[in-house]
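Novice: Got a predicted model here, sequence first, then my questions.
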Amino acid sequence: MHYESHIREPLILGDKNYHDVSVEVARPIETAPPRSWWIAFSISMLLFLWGIGNILYTIGTGIGTWGLNKTVGWAWDITNFVWWVGIGHAGTLISAVLLLFRQKWRMSINRSAEAMTIFAVIQAALFPGIHMGRIWLAYFVFPIPNQFGSLWVNFNSPLLWDVFAISTYFSVSVVFWYVGLIPDFAMLRDRAIKPVQKHVYTILSFGWGGKAKHWQRFEEVSLVLAGLATPLVLSVHTIVSMDFATSVIPGWHTTIFPPYFVAGAIFSGFAMVQTLLIILRKMFKMEHYITIQHIEMMNIVIMLTGSIVGVAYITELFIAWYSGVEYEQYAFLNRATGPYAWAYWSMMTCNVFSPQLMWVKKWRTNIMFTFSISIVVNIGMWFERFVIIVTSLHRDYLPSSWTMFSPTFVDIGIFIGTIGFFFVLFLLYARTFPVIAQAELKTILKSSGESQKKHHTEDGHH
Amino acid sequence: MDTTEKILAHGEAGASSHQEGAEKAVVSAMFNDDDILMSSVKTLRAKGYTIHEVFTPFPVHGLDKAMGLKETRIAITGFFYGLLGLSTAIAMTYYMMVVDWPMNIGGKPSFSWIQNMPAFVPIMFELTVFFAAHLMVWTFFVRNGLFPGRKAMNPDPRTTDDMFLMEVELKGDRDQLIAVLKETGAVELH
């Protein structure tokens, strides 16, 4: 058996055995939800319905209902798209990259982080869909024979690469998540007493029985999927950044975009994981599984990626000056001192300054502090995309068409609606799915459980 | 699990209380700890018994080797699925962009596939991953016989919670096998 150094903090607190883990993971599903769940669900549902109304209005009337104009042809929709895709990066990073690095602390958070990924990518995919204007022609983005003869999609276009990247990312994340869920659904199935629950979890668990050969294949598939998902997750935001980087707009046409976008995506994704998990652990009493140590680890990732993002901002400024291209120089000068300077400095404060506070151990292990920083980071990352998109466009090569962008209530409504939709999905997930990968977590109970660790220390080390 | 053993075991099927598919005579033993299970598996194997099946609530590391299971080849299939995806991407971009309807887009004419290849790298990568991941998972489901609505494969519901069920193929004296199982820590026998 594998023993872990007694210096390492336990990952599972309390005196637990395997059965306790099953009981506690199944509890949110088997018991009535707390009142806080209903409050959160009702609010999210209202926001979601408001969003649906606005989406229907957009589809029915056209994207003229948005605040776009002929200079700023891309604004909140693409900002929201990139923001949600970015958030969707942390899940796969936690479950795939940390699996390859054998980071065991991922085990109690990877299920929820992956759920978050999937739900965030659903929100993201909504925006290009409705921005098309005629959503009933959305199938034109796929390389299928159509009624115009052999008019194919353009494989040279980053927007098409995006279609492939997002579809692959979404579908691979879903199967990766589902393969991991099967043994946990089986646990719920075998515990279920109510006939409806039993029936549903029988369907969902695919008949899983935990045979030795099946576990062997399960572990191999998980490892290979992690190996495939790791470059995939990096490719997705790389390709999203190419939507901008391959254009000739000053402020977009930079080679730093792919790594800069990926770092930003991980940064915002981890912040959203913090927001959700802090709510989840409180609402469903998962404090023994999602410990302060987990929160601290994620804060360190936020601090690191926040610093990378900060370096990228400064590099961008330096290169704009160093390039000697006056359009590029103006674009950046305009960002920092122009009419959108408030957005630029909000971004700088939220993304560069606030994560640096995490150097203080006392603060990064404080839950309320972490929660507020996670919100601040998400606001900052939204502003980052807004700054990149709108401030680069609103003053283009022709000063007579310089203009400002102001969102209409429809722009705002759709954005708020996606936040509602995201939380509706997450809250439903939290009540019907095993929110912790319990089968995986049981493998480290003996080496990383609090009471088991104490026991080893007393036995072995003196 | 060769044929002679099967026939031998079948001949003695009357002695067993638990049968798997009425093919083999097996003795089922329940354990409550993975380390005890592992040492029991090793002891039984050393004594020449064949472990028919083990049901565990989580992957017990090293159990497959201790049971003498062959290594899985599912990762190799993943590699070939990836190659298939890559070939699909190459064939698709070649046919659509070069053969069927070549277009001059942004001053980048599609005279030959290789000249335009850098623009197709993202597609080639994504389809490689797409094919490898999805087809491998389908293979995983098919090889394990997993599908929506299938009846639970584990004979005892506790084996997805905290119990470990081992099925040993009966060989020789049943009481002797039971004695070994008890000695190595089985908490229940069927």
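Specialist: Sure thing, it's come through.
Novice: tell me the contacts of B:P59?
Specialist: Each residue near B:P59 by Cβ atoms under 8 Å, 6 or more residues apart in numbering or on different chains is listed here: A:215-216, A:218-219, A:439-440, A:443. Every residue, glycine included, has its C-beta placed from N, CA and C.
Novice: make it 7 Å
Specialist: Counting by Cβ atoms under 7 Å, 6 or more residues apart in numbering or on different chains, B:P59 makes contact with A:215, A:218-219, A:443.
Novice: Which two among the residues you listed are spaced furthest apart?
Specialist: Farthest-apart pair in those is A:F218 and A:T443; separation 11.8 Å (Cβ to Cβ).
Novice: Between these two, which has more neighbouring residues?
Specialist: A:F218 (23 against 20; other Cβ atoms under 10 Å in any protein chain shown).
Novice: Surely the more buried one forms part of a strand?
Specialist: No - using DSSP: H, G, I helix; E, B strand; the rest coil, the assignment for A:F218 is helix, not a strand.
Novice: Quickly note the distance from the closest residue to it other than its chain neighbours to A:G210.
Specialist: Of all residues not flanking A:F218 in the chain, B:P59 sits nearest, at 6.6 Å (Cβ to Cβ, 6 or more residues apart in numbering or on different chains). Distance of B:P59 to A:G210, computed by Cβ to Cβ, to the nearest Å: 9 Å.
Novice: what's the nearest residue to the most centrally placed residue in chain B if we skip its chain neighbours?
Specialist: Taking Cα atoms, centre = their mean as the criterion, B:N144 is the residue nearest the geometric centre of chain B, at 5.8 Å. In space, B:N144 comes closest to A:H214 once its chain neighbours are excluded; the distance is 4.9 Å by Cβ to Cβ, 6+ apart.
Novice: quick one, what contacts B:D34?
Specialist: Counted by Cβ under 7 Å, 6+ apart, B:D34 has contacts B:60, B:164.
Novice: Tell me the confidence at it?
Specialist: With respect to pLDDT, B:D34 has a value of 87.
Novice: Likewise for the one 3 residues further on?
Specialist: Reading off the confidence values, B:L37 has pLDDT 89.
Novice: That one sits in which helix or strand?
Specialist: Applying DSSP states H and E as the criterion places B:L37 in helix B:34-46.
Novice: name the helices or strands packed onto the next helix or strand along the chain from that helix?
Specialist: Going down the chain from helix B:34-46, the next helix or strand is strand B:51-55, by DSSP H and E. For strand B:51-55, the packing partners by 3 or more Cβ pairs under 7 Å, 6 or more residues apart in numbering or on different chains; DSSP states H and E come out as helix B:34-46, helix B:63-67, strand B:164-169.
Novice: Return the set of buried residues in the second one.
Specialist: Neighbour-count burial for helix B:63-67, counted by 16 or more other Cβ atoms under 10 Å in any protein chain shown, picks out B:63-64, B:66-67.
Novice: again, but for stretch A:216-229
Specialist: Counting neighbours by 16+ other Cβ under 10 Å, stretch A:216-229 gives A:216-222, A:224-229 as buried.
Novice: Off-centre distance for the helix or strand hosting A:I43?
Specialist: Per DSSP H and E: A:I43 is located in helix A:35-61. Relative to its chain's centre, helix A:35-61 lies at 20 Å (Cα atoms, centre = their mean, to the nearest Å).
Novice: any idea of the mean pLDDT for it?
Specialist: Mean predicted lDDT for helix A:35-61 stands at 94.
Novice: Closest one to A:V175 out of the contacts of B:P59, please.
Specialist: A:F218 (12.9 Å).
Novice: what about that closest one, distance to A:F206?
Specialist: From A:F218 to A:F206 the distance is 12 Å (Cβ to Cβ).
Novice: follow-up on the earlier one: spatially, which two of the buried residues of helix B:63-67 are the most separated?
Specialist: Among these, B:D64 and B:A66 lie farthest apart (Cβ to Cβ), at 7.4 Å.
Novice: Helices along the stretch 51-200 of chain A, start to end?
Specialist: A:76-87, A:89-92, A:98-100, A:110-131, A:158-191, A:195-205 (DSSP state H, counting those that start in this stretch).
Novice: among those helices, which is the most enclosed?
Specialist: helix A:89-92 (a mean of 30; mean count of other Cβ atoms under 10 Å in any protein chain shown).
Novice: Now it: average pLDDT?
Specialist: 84.
Novice: Look at B:T4 and report its pLDDT.
Specialist: 37.
Novice: swap that for B:A29, sorry
Specialist: 88.
Novice: Need the nearest residue in space to it, chain neighbours excluded.
Specialist: Counting by Cβ to Cβ, 6+ apart, the residue nearest B:A29 is B:A186, at 3.8 Å.
Novice: what about stretch A:308-327, distance to the chain center?
Specialist: The answer for stretch A:308-327 is 27 Å, by Cα atoms, centre = their mean.
Novice: Just the buried positions in it, please.
Specialist: So, applying 16+ other Cβ under 10 Å, buried residues of stretch A:308-327: A:309-310, A:312-313, A:316, A:320.
Novice: Among those, which are located in helices?
Specialist: A:309-310, A:312-313, A:316, A:320 (DSSP state H).
Novice: Please report phi then psi for the residue nearest to B:A29.
Specialist: phi -70, psi 140 (degrees, to the nearest 10).
Novice: Return the residues in contact with it.
Specialist: Contacts of B:A186 by Cβ under 7 Å, 6+ apart are B:29-31, B:40.
Novice: go with 10 Å
Specialist: B:27-32, B:36-37, B:40, B:164-166, B:168, B:178, B:180 (Cβ atoms under 10 Å, 6 or more residues apart in numbering or on different chains).
Novice: And the pLDDT at residue 95?
Specialist: This is for chain A. 84.
Novice: nope, chain B
Specialist: 89.
Novice: Pull up the overlap in contacts between B:P59 and A:G210.
Specialist: By Cβ under 10 Å, 6+ apart, the residues touching both B:P59 and A:G210 are A:183, A:218, A:439.
Novice: could I get these as CSV with pLDDT?
Specialist: Listed next are the shared contacts of B:P59 and A:G210 as CSV, based on pLDDT from 0 to 100:
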residue, pLDDT
A:P183, 93
A:F218, 93
A:A439, 90
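Novice: Dump the helices of the stretch 51-200 of chain A to TSV, plus distance to chain B.
Specialist: Output for these, formatted as TSV (distance: least, Cβ to the nearest Cβ, whole Å):
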stretch	distance to chain B
helix A:76-87	14
helix A:89-92	12
helix A:98-100	13
helix A:110-131	14
helix A:158-191	4
helix A:195-205	5
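Novice: domain parsing for chain B?
Specialist: B:3-57+B:162-189, B:74-144 (automatic domain parsing).
Novice: what's the least confident stretch among those?
Specialist: Across the domains of chain B, domain B:3-57+B:162-189 gives the lowest mean pLDDT, at a mean of 75.
Novice: To what extent is residue 57 buried, counted in neighbours?
Specialist: Since no chain was named, I'll use chain A. 15.
Novice: not what I meant, chain B
Specialist: 29.
Novice: for A:T238, same thing?
Specialist: Neighbour tally, A:T238, other Cβ under 10 Å: 21.
Novice: That one and A:A245: what is the separation?
Specialist: A:T238 is 9 Å from A:A245, by Cβ to Cβ.
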